[in-house]
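1. Model the structure of this input:
(chains A, B and C)
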Amino acid sequence: MQAFLKTGKLSVTDKPSTSGTKTTKKKPPAPWVEKYRPKTIDDIVDQGEVVQVLRECLSGGDLPHLLFYGPPGTGKTSAILAAARQLFGDITRDRVLELNASDERGIQVIRDKVKSFAQLTVSNTRPDGRPCPPYKLVILDEADSMTTAAQAALRRTMERETRTTRFCLICNYVSRIIPPITSRCSKFRFKPLAKENVIKRLQEVCVAEGVDVGDGEVLHQAVHTCDGDLRRALTALQCCQRLLGKVTADGLIEVTGLVPEKLVDEYLKVKNYNELEQFVAKFLMDAYSASQLLEQLSATVVNAGHLTNKQKCDISEKVAVCSHRLLDGGSEFMQLTDLGCTIIMANNNP
Amino acid sequence: MQKGRKWFKPVFDIVENETPKESKNIPEKKQKVYEEKSLGSNGDANCKMPTINHKNWMKNFDPVNIEDLAVHNKKIQEVENWIKDSCKNTCNILLLSGPVGCGKTATVRTLAAKYNVKISEWITPIDIELPTDYGEYEFKEKQSKKFLDFIISAANFTSLLDNNSNKLVLIEDFPNTFLRTPSEFSNILQQYTQRAKSPIVFICSETNTDNKNAAVNIFTTSLKEQFLIQHIVFNSVSVTGLRSALKRVSDIISKKYSAMYNIPTTDIIDSVVNTSAGDVRSAILNLHFASLKGINHNLETSIVKESKVKGKTKKKKATNKFMSLGKDQTISILHGVGRVLNPKVLLDECGKANLSHPPEDIVEQFLSSPSTFINFLEENYLPHFSCINDVDKAVSTLSDADYILAEWREKYCQEYGLYIAVAGLMLANKSPVSAWNPVRGPKNMNVQYPSLQQMPLLDNSYLYKGKVLVTDYLTYCKIIGNKTGCEESLSNEDEIIE
Amino acid sequence: MSLWVDKHRPKDLMKLDFHKDQALRLKNLVQQSDFPHLLVYGPSGAGKKTRIMCLLRELYGSGAERLRQETMHFTTPSNKKIEIMTVSSNYHIEVNPTDVGIHDRVVIMDLVKNVAQTHQIDSSGQREFKVVILNEVDDLTKDAQHALRRTMEKYVATCRLILIANSISRVIPAIRSRCLTIRVPAPTENEIATVLHTVCKKEGLSLPSELAMRIAKCADRNLRRALLMCEACKVQKYPFTSDQKVPEPDWQQFIREIASMILTEQSPKKLGEVRQKLYELIIHGIPPDMIFSGLLCELVRNCDMSMKCQVANHAAEYEHRMRLGNKPIFHLEAFVAKFMAIYKKFVEESLGDAF
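-> Presented below is the predicted three-dimensional model:
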């Protein structure tokens, strides 16, 4: 370890075999997601109502407490960040406290950090004399992963500090936010993005990054594999570009860890135990993720035309149980076998 | 009373009851006075009053001679030898340990009386000092300092009232500071051995929980070797010992105090013996309450009544009556396992089946360490079953229990988990095997991965994962390792031939 | 004298025997200016580690191959001293954080901090970051995984993590999304056979292709096991014959014995014997989930479909509980007892039908 911590110098003889080693220090490029985050609220794709409200705030109206909810990658964080930037300009850093799930966010943090931040008073002018809104903004990203106790602690703070502080909570599932909080906020649902808009956006990014996407068929694929999640689509594109040097449909599937549709269908059509055993072994040997399979399977089952309602019912129920066990760390082999048995039984007794 | 003074000034106090005989006589006399009074004035009904007020009634039954002790003869012999020795030798150290109420102190006192040795006992003072005017607490002297001063002066200076007998310092009430700083204690012992001229006896009660066990924590083996401390371990008193002690007590009662006590019947003695779990002190206490006149009158008659109704279960009922009086029922793990795996079903009047030991009671006993208890159950339940279907039910409750117990943050989960396992095992067995099975301790399940030394074929500078070592490498390395040895020698031979 | 597995491990990305296109991609990745955190996943014996070592060589040159073993010491917040084996070169360090059980979080945090806080003073001619390799990330506690997430972001300037896992189902999404995930599927049987042939050629041995195929079949698409089997075969009998016995890992035989014990008799007494055997497996370090799947595969052979379904259901349920509980043996035993009960009923019913 000691030797390891010392700066290991390369002798001339064992120079790295790669020719591409750069001697000049270069800042690692930012993820595309950050790089192409909307700068103003007018850049936000799709979400009409919210943009309307935010626009009014920018033109001088007061800002209510906000609760943004909706599926991932629909621009919730982007919207509030863009708004904050426009509201506060270069003093954003002093006026905005952003906490996301990777920060400590237990009840203690809510009590101490958020409260002490909220208690600071602010003037309605900037240091350089220009006017700005007389309040601060606390953004709680991924608020649905906060504990109920922490949320309860938040409730009081929200009420007491309304004079100087606005809260913006962002979550995927509004049902996980305790009612006292939802009633204190104006709620905005972020709709899943329309496909065309996502593609348009991706296209812009690709042009800016100089990525060749051909006729755009690949982008359709990207949108499809990512369920309209713009962030995931962008991340996938970037990973793909990094790894392959180009963007292809197969590459996208590979980097997103998706299970090919063919395998999902094969699993759903399995007829007897031997087939099942072989399928599961092969599936795991190819290192696909079982939880991903279940996710895709449940979508497929719901839309499958050839299954009766009863079959769908049985299979979906088991999918739920098995994915719960997988989340708890259950062995993939076991759960896939179990679910497979249910599928066989369902297939044999329509 | 004299005794009260001890609390305040332990240092040069004259210890009362220099000889147990004397101390015994005093209360006896007083007792009689009370008795006469009460008899004279109020008669039977108020008889209890003086007894309860009387502080030293236990002393009535203190052992007088060595034969009266309920302790095993061999142990008495050991202590006696030590006392005889230490009369000549100056500063011997003796450590007595054993469960509560097994007669440690009584033995020392009785023997000391026999050899005319004077005992000075340390009692830890309560060192709450009043705050000064500034509201600060001022501790004048450290407890350990006081302790040292006491033991040395007690060992070296004879009391004025004493007639030059031998001396002995007794420490039963251990100053708490030594539990925190054992090193300080060894310093004190060092000084004591250098300066003092009398033997010293330490008495430590063993408690079930190890963390407060002075005998283990303070008197470490190294300490014992360093100061040549002799350690005598007392066991809890045997049933026969208890019974004879109680016999003696009932003799004393019948001789001297028949006015105040009912003469205990053998039934009562038996039940007291059963409930006191080898604790003489609590046994005598119980006997005392059980045979008091007045208070106990109803209890007694109720026992008699029941015994008429149900001759067979009399003893059991009587025992149950005294359960509330007796010692806290701490049953050992082995006991508990037995109760769960061999559940006894009693039929009550309506013909409804009840378990003799309901699961709630057992659960209560083992709440402090549920997983240990369940491990024991799991290790031992199997031989009691004859039908695989019952086993299936039983072991699935165990699996449930383990699953629930894993949630250690939730207090209730511990209780429920234990309850599920206990009740499940008790009820699952429909066709039990009646055979005697010794209780086995749970297996140590620590995984032992093979080390690199065991497998010389492996590359030293490569990090192997434990799992992979076991699942892949182990078998083949054995095969390859075994054969390569022979082969190399073979190939060497080939070369020689060539 | 080292094992074939170690001796013939490829050292260069371009010399890997299978997934060559992936190797090419990794080479491209190294040549780009930024190098992301990696999450490499795939079944055991698919060549994840080999690939990573090649990658390190590509990054740092052959200096990354000078390895040494060291024991590192950590102190937990509760003042417990723990030690862990590490293997390191000047440029990287590798640990199995799962070796320390529930204290894995401390090890990860401290280790990455140590590594990341030593900046390279002169970074000309080499990378400005060092690499920390963490094995068995999927077996880390949730706590450690969450800690990892923050650590990854905090020290990204001076250190890169390469995480190795058997499957990504148990890796939390937050980590997955911060890494470039690289899937390493197990080699197919044909690929294994090819590798066996190459290795034998290097050793100067001739390997009949039937035997190569048989070894490949027995090895469960695990290249490491296949190579070990091949070497063991060579030790047992050479020259090779195409029908010679291929030694199996002894724990697999053991599980098979247990299964046949269960099938011969269903009684509490037999269960007691089975339990002793299970104890032995667990103590020797066979992962309980492998015991579970092994037993399931062996036991369902003789069952009809509805029974298979039942058995699989119970196996999945008990395996899940085992994962959450503390005592694997409880759940293994519960499964065996359940199977015995089901099987006994089945046998009795089919006997009843026969009469």
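2. Tell me if residue C:82 really is in a strand.
-> Yes - Residue C:82 forms part of a strand when assessed by DSSP: H, G, I helix; E, B strand; the rest coil.
3. which ones are touching it?
-> Going by CB atoms under 8 Å, 6 or more residues apart in numbering or on different chains, residue C:82 touches C:73, C:74, C:75, C:76, C:100, C:103, C:106, C:107. (Glycine included, C-beta is placed from N, CA and C.)
4. Pull out the buried members of the residues you listed.
-> C:74, C:100, C:103, C:106, C:107 (16 or more other CB atoms under 10 Å in any protein chain shown).
5. can you redo these as TSV with distance to chain A and secondary structure?
-> As requested, the buried ones among the contacts of residue C:82 are exported to TSV (distance: CB to the nearest CB, whole Å; DSSP: H, G, I helix; E, B strand; the rest coil):
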residue	distance to chain A	secondary structure
C:74	12	strand
C:100	16	helix
C:103	18	helix
C:106	16	helix
C:107	13	helix
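6. if we can go back for a sec, what's the closest of the contacts of residue C:82 to residue B:249?
-> Residue B:249 has its nearest neighbour among the contacts of residue C:82 in residue C:76, at 55.9 Å by CB to CB.
7. so that closest one makes contact with residue C:106?
-> Yes - Residue C:76 is within contact range of residue C:106, at 5.0 Å (criterion: CB atoms under 8 Å).
8. In which helix or strand does the spatially closest residue to residue C:249 that is not a sequence neighbour reside?
-> Using CB to CB, 6 or more residues apart in numbering or on different chains and skipping residues adjacent in sequence, the residue nearest residue C:249 is residue B:475, 4.6 Å away. With elements taken from DSSP states H and E, the one containing residue B:475 is helix B:474-497.
9. Check residue C:39 too.
-> Here residue C:39, judged by DSSP H and E, is contained in strand C:38-41.
10. Give me the contact status of that strand with chain A.
-> Yes - contact between strand C:38-41 and chain A, assessed by CB under 8 Å from any CB of the partner chain, occurs at residue C:41.
11. Next up, the contacts around residue C:7.
-> Contact criterion CB under 8 Å, 6+ apart gives no residues in contact with residue C:7.
12. Where does pLDDT dip in the chain?
-> Assuming you mean chain A. Where chain A drops to pLDDT under 70, the residues are A:1-30, A:61, A:101-107, A:126-127, A:129, A:214-215.
13. Hmm, no, I was thinking of chain C.
-> Scanning chain C for pLDDT under 70 picks out C:1, C:119-126, C:354-355.
14. from it, which residue is nearest to chain A?
-> At 2.6 Å from chain A, residue C:90 is the closest residue in chain C, using CB to the nearest CB.
15. Pull the contacting residues for the residue in the stretch 251-350 of chain A that chain B sits nearest to.
-> For the stretch 251-350 of chain A and chain B, the shortest gap (CB to the nearest CB) falls at residue A:328, measuring 10.6 Å. By CB under 8 Å, 6+ apart, residue A:328 lies in contact with C:320, C:323, C:324.
16. picking that back up, confirm for me that the residue nearest to residue C:249 is in contact with residue C:250.
-> Yes - Residue B:475 lies in contact with residue C:250 (CB under 8 Å); the separation is 4.7 Å.
17. which of the two has more neighbours?
-> residue B:475 (21 against 14; other CB atoms under 10 Å in any protein chain shown).
18. Please report how far that one lies from residue B:457.
-> For residue B:475, the distance to residue B:457 equals 12 Å [CB to CB, to the nearest Å].
19. ditto for residue C:240
-> Using CB to CB, one gets 21 Å for the distance from residue C:240 to residue B:457.
20. residues in contact with the longest helix anywhere in chain A?
-> Longest helix in chain A by number of residues (criterion: DSSP state H): helix A:309-327. Residues from elsewhere that reach helix A:309-327 (CB under 8 Å, 6+ apart): A:290-291, A:294-295, A:297-298, A:301-302, A:304, A:307, A:330, A:332, A:335-336, A:338-339, A:342-343, A:345-347, A:350, C:169-170, C:316-317, C:319-320, C:323.
21. taking the residues you listed one by one, which sit in strands?
-> With strands taken from DSSP state E, there is no overlap with those.
22. Where does residue C:205 fall, secondary structure wise?
-> For residue C:205, there is no helix or strand it lies in under DSSP H and E.
23. can you pull the contacts of it?
-> Per CB under 8 Å, 6+ apart, neighbours of residue C:205: C:234, C:238, C:240.
24. Am I right that the first one is in contact with residue C:240?
-> When you say that, I think you mean residue C:234. Yes - with contact defined as CB under 8 Å, residue C:234 reaches residue C:240; the gap is 7.2 Å.
25. in chain C, which residue is closest to the centre?
-> With distances taken as CA atoms, centre = their mean, residue C:44 lies nearest the centre of chain C, 3.8 Å away.
26. That residue against residue C:222, yeah?
-> Yes - in this structure, residue C:44 is within contact of residue C:222 by CB under 8 Å, at 5.9 Å.
27. any shared contact partners between the two?
-> Common neighbours of residue C:44 and residue C:222, counting by CB under 8 Å, 6+ apart, are residue B:472.
28. Stretch A:145-163 near chain C at all?
-> No - using CB under 8 Å from any CB, stretch A:145-163 stays clear of chain C, coming no nearer than 10.0 Å.
29. for that stretch, which positions count as buried?
-> A:145, A:146, A:150, A:151, A:153, A:154, A:157, A:158, A:161.
30. Which other helices and strands does the helix or strand harbouring residue A:242 contact?
-> Assigned by DSSP H and E, residue A:242 belongs to helix A:230-244. Secondary-structure packing of helix A:230-244 (3 or more CB pairs under 8 Å, 6 or more residues apart in numbering or on different chains; DSSP states H and E): helix A:32-35, helix A:195-209, helix A:217-225, helix A:249-256, helix C:20-31, strand C:180-183.
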